[in-house]
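J.: no sequence for this one, just the structure:
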Ligand code: SF4
């Protein structure tokens, strides 16, 4: 998937940034940046834009590409959650 962003019509409301859960949409130095490799709910992010400044031309990523920074962050977050669950289970079983 490639994101098509029309900066000329973007009103910088930052709704897309707020909706982004995994850092796929960021606001830096007054500009919006997209990382389409992040596992965001992209359809929801596109839909939330009040001026339709973001769209996609949907093409799938090839299978077997290496993990991106974003994907690594997601994996780390999942591992952290799993560790917390394990710790909590241990506390309750003591
Ligand atoms: S939601 Fe749309 S208008 Fe708002 S900052 Fe994002 S791209 Fe711009």
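T.: Alright, I've got the coordinates. Being a predicted model, the structure only gives us computed values, none of them experimental. Numbering: from 1, shown residues only.

J.: buried residues, the helix or strand encompassing residue 32. List them.
T.: Residue 32 belongs to strand 31-34 when assigned by DSSP states H and E. Neighbour counts using 16 or more other Cβ atoms under 10 Å place 32, 34 of strand 31-34 among the buried residues. C-betas here are computed from N, CA, C, even on glycine.

J.: do the same with stretch 27-40
T.: Per 16+ other Cβ under 10 Å, stretch 27-40 contains these buried residues: 32, 34, 35, 37, 38, 40.

J.: chain center to the strand holding residue 32, what's the gap?
T.: Centre-to-centre, strand 31-34 and its host chain are 12 Å apart (Cα atoms, centre = their mean, to the nearest Å).

J.: of the buried residues of stretch 27-40, closest to residue 83?
T.: residue 38 (22.5 Å; Cβ to Cβ).

J.: hang on, that closest one packs against residue 26?
T.: No: taking contacts as Cβ atoms under 8 Å, residue 38 lies outside contact range of residue 26: 9.8 Å.

J.: shared neighbours of these two, which are they?
T.: residue 20 (Cβ atoms under 8 Å, 6 or more residues apart in numbering).

J.: about what we covered before: export the buried residues of stretch 27-40 to JSON lines and append columns for pLDDT and distance to residue 55.
T.: As requested, these are exported to JSON lines (pLDDT from 0 to 100; distance: Cβ to Cβ, whole Å):
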{"residue": "32", "pLDDT": "97", "distance to residue 55": "14"}
{"residue": "34", "pLDDT": "95", "distance to residue 55": "11"}
{"residue": "35", "pLDDT": "94", "distance to residue 55": "16"}
{"residue": "37", "pLDDT": "92", "distance to residue 55": "17"}
{"residue": "38", "pLDDT": "94", "distance to residue 55": "17"}
{"residue": "40", "pLDDT": "94", "distance to residue 55": "14"}
